[in-house]
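>>> sequence isn't available, so here's the structure alone:
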Ligand code: PGA
């Protein structure tokens, strides 16, 4: 049985005070037992966030991690550092990291392998650009992104993986993929996994959609059979909106 998930990607937003008050607000809200809720404050506030969510069902995850174990990599944060403060899951491959920090498939595969071999689970993000969709190349682009990275992994590692399909043209733009476009791509992704592994693996992986999800469009997107939840940017910075999006993914 795959999990329903709603994860907030806070990106480079919220200082200490805002991190604290947003978490306190979220803790006051009712969530739904059938949806796993995750938030990802910036690195300096991860430990504070972990302490604050204590006794709640919210999981704190990180937005990124470095591909090397340790050493002379000024400004970077390692898998071991994250594990040492109690982080058990990280985003890898967000399009903003691919674009602004030049993270390519080779680097992303290194990150994925290092994280998973140290029990840091991953939400692996990928998705096509607008010109790739316009030229009808989106399926091939996504297939390549997966084949160069997660589809190289041993089957047994797939229980530590969540996928997040995020078409770049829909991130932070207010433009969302239609529920049909999301479903069609998620179904295709499951087929790629089936071809590389087996039915159990392809059926059990949670695939999130990301890109301008808001309370007004969440229900329709989450109702699609291969969409197991969402990775939420802008709307996760507002406790009420985030709660409504979580509610949209619940069957309770
Ligand atoms: P958005 O961001 O919801 O603001 O479009 C999604 C993401 O980047 O994960």
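On my side now, so go ahead. Computed from a predicted model, the values in this text were never measured in an experiment. Numbering: from 1, shown residues only.
>>> residues of stretch 198-208 that come out buried?
201-202, 205-208 (16 or more other Cβ atoms under 10 Å). The way it works is simple: take the backbone N, C-alpha and C, and place the C-beta from them, glycine included.
>>> next step: those residues restricted to strands.
207-208 (DSSP state E).
>>> just the buried residues of stretch 198-208 now: which is nearest residue 57?
residue 206 (16.5 Å; Cβ to Cβ).
>>> residues contacting that closest one?
Counting by Cβ atoms under 8 Å, 6 or more residues apart in numbering, residue 206 makes contact with 2-5, 162-163, 228-229.
>>> centre of the chain to stretch 212-229, how far?
Stretch 212-229 sits 14 Å away from the centroid of its parent chain (Cα atoms, centre = their mean, to the nearest Å).
>>> span of that stretch from start to end?
The straight-line separation of the ends of stretch 212-229 (Cα to Cα, to the nearest Å) is 13 Å.
>>> and the contacts of residue 206, which are buried?
By 16+ other Cβ under 10 Å, the contacts of residue 206 give 4-5, 162-163, 228-229 as buried.
>>> check these and tell me the two furthest apart.
Every pair of these checked by Cβ to Cβ; the farthest is 4 and 163, at 13.9 Å.
>>> for residue 236, the count of nearby residues, please.
26 (other Cβ atoms under 10 Å).
>>> residue 8 is in contact with that one, correct?
Yes - using Cβ atoms under 8 Å, residue 236 is in contact with residue 8, at 2.9 Å.
>>> spit out the residues that contact those two alike.
39, 242.
>>> for stretch 214-233, which residues meet the burial criterion?
214-215, 217-218, 221-222, 224, 226-233.
>>> can that stretch be found next to the ligand?
Yes - Stretch 214-233 lies within reach of the ligand by Cβ under 6 Å from any ligand atom, at 231-233.
>>> the residue of the stretch 101-250 of the chain found nearest the ligand: what's it in contact with?
For the stretch 101-250 of the chain and the ligand, the shortest gap (Cβ to the nearest ligand atom) falls at residue 233, measuring 2.2 Å. By Cβ under 8 Å, 6+ apart, the contact list for residue 233 reads 8-9, 11, 171-172, 210, 212.
>>> out of these, which are buried?
Buried, going by 16+ other Cβ under 10 Å: 8-9, 11, 171, 210, 212, out of those.
>>> in strands, which of the buried residues of stretch 214-233 appear?
The members of the buried residues of stretch 214-233 that map onto strands under DSSP E are 229-232.
>>> of those residues, which is the nearest to residue 81?
Distances from residue 81 to these, taken by Cβ to Cβ, are shortest for residue 231, at 23.0 Å.
>>> dihedrals phi and psi, the closest residue to that closest one other than its chain neighbours?
Distances taken as Cβ to Cβ, 6 or more residues apart in numbering put residue 210 closest to residue 231, at 3.5 Å, once the chain neighbours are dropped. Geometry field for residue 210 lists phi and psi as phi -140, psi 140, criterion degrees, to the nearest 10.
>>> isn't residue 210 up against residue 168?
No - proximity of residue 210 to residue 168 does not meet the contact threshold set by Cβ under 8 Å, at 10.2 Å.
>>> what is in contact with the two at once?
residue 127.
>>> check contacts around residue 209.
Counted by Cβ under 8 Å, 6+ apart, residue 209 has contacts 164-166, 177, 182, 186, 221, 227, 229-231.
>>> redo those as TSV? Include distance to residue 93 and pLDDT.
Below are these laid out as TSV (distance: Cβ to Cβ, whole Å; pLDDT from 0 to 100):
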residue	distance to residue 93	pLDDT
164	8	98
165	11	98
166	9	97
177	18	89
182	18	97
186	17	98
221	21	97
227	19	98
229	17	98
230	16	98
231	11	98
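>>> stretch 159-179 vs the ligand: in contact?
Yes - counting by Cβ under 6 Å from any ligand atom, contacts between stretch 159-179 and the ligand involve 166, 171-172.
>>> list the buried residues of that stretch.
160-171, 176-177, 179.
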